[in-house]
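Chemist: Could you look at this predicted model? Sequence included:
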Amino acid sequence: MKRFQFELQPLLGLKKQQQAEAQMRQLKMRMHLDTVRQQLKALEDQLDAMANQQSERLGVPVPAAQFVLQSQSSDQLRDWIVEVRNREQQSESAYQQAAADYARITAAVEALESLRNAEWNEYVKQSARERQRELDETVLRRWRYPNDANMEVQSDG
C-alpha cells in the first residue's frame, strides 16, 4: 500500500502560515487600538481635571493672562480629543478588518484540515481492507493447497 499523501498539503501549509500572519496582524491592531484608547482616556481625564479645577475657582478673580492660557489649553485638549477619537475609529475599523481576515483564513484552514482528516480516515479504512484481503488470500491459499504450504516449509528446512 502506498503512503498517505494529502494532495492539498502545500496549500494547507500556506494557509496555516497566512493564519499565523493574520493572527499577528490582528494582535498588532488590537494593541494599537488599546494604545489609542488609553491616549483618549488620558486626554479626557486631563480635560475633566481642568474643568474641575476651573469650577473650584468659580467666583475667584483670575488674571486675564492665566484665563486666556487656561482657555487655550482646554481648547487644545478638545482638539486633541477629537483627533484621537478619529484615530480610535480608524483603529477600530482596522482591527475589525484584521479580525475578519483571521476568521476567514481560519475557516479555510479548518476546512482543509477537515478534508485532510476525511482523506486520512479513508486511507486507514482502505489500508485495513487491503490488509484483510491479503490475509484472506493467504489463508484461502493455504486452505486450498495445504501440500504447497508444507512444501514451502520443507524446502526452507
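Modeler: That came through, no problem.

Chemist: CA atoms for contacts and neighbours, from now on please.
Modeler: Noted.

Chemist: quick one: average pLDDT of the lengthiest helix in the chain?
Modeler: Criterion DSSP state H: the longest helix present in the chain is helix 64-144. Averaging pLDDT along helix 64-144 gives 93.

Chemist: Show me what that helix is packed against.
Modeler: helix 9-56 (3 or more CA pairs under 8 Å, 6 or more residues apart in numbering; DSSP states H and E).

Chemist: The helix it packs on - contacts with which helices or strands?
Modeler: Packing partners of helix 9-56 (3+ CA pairs under 8 Å, 6+ apart): helix 64-144.

Chemist: just how off-centre is the helix it packs on within its chain?
Modeler: 4 Å (CA atoms, centre = their mean, to the nearest Å).

Chemist: Relative to Ala99, how far out is the most centrally placed residue in the chain?
Modeler: Compute the mean C-alpha point of the chain, and by CA atoms, centre = their mean the closest residue is Gln23, 3.8 Å away. Gln23 sits 8 Å away from Ala99, going by CA to CA, to the nearest Å.

Chemist: try Asn52
Modeler: 40 Å.

Chemist: and what of Ile105?
Modeler: In this view, Ile105 and Ala99 are 10 Å apart by CA to CA.

Chemist: try Ala49
Modeler: Following CA to CA, the distance that separates Ala49 from Ala99 is 36 Å.

Chemist: neighbour-wise, which of those two wins?
Modeler: Neighbour tally, Ala49 and Ala99, criterion other CA atoms under 10 Å: the higher count belongs to Ala99, 19 against 12.

Chemist: Can you tell me the closest non-neighbouring residue to the more buried one?
Modeler: Of all residues not flanking Ala99 in the chain, Gln26 sits nearest, at 5.7 Å (CA to CA, 6 or more residues apart in numbering).

Chemist: State the number of residues packed around that neighbour.
Modeler: Gln26, neighbours per other CA under 10 Å, totals 21.

Chemist: That one touches Ala103, doesn't it?
Modeler: No: contact criterion CA atoms under 8 Å: Gln26 and Ala103 do not qualify, at 10.2 Å.
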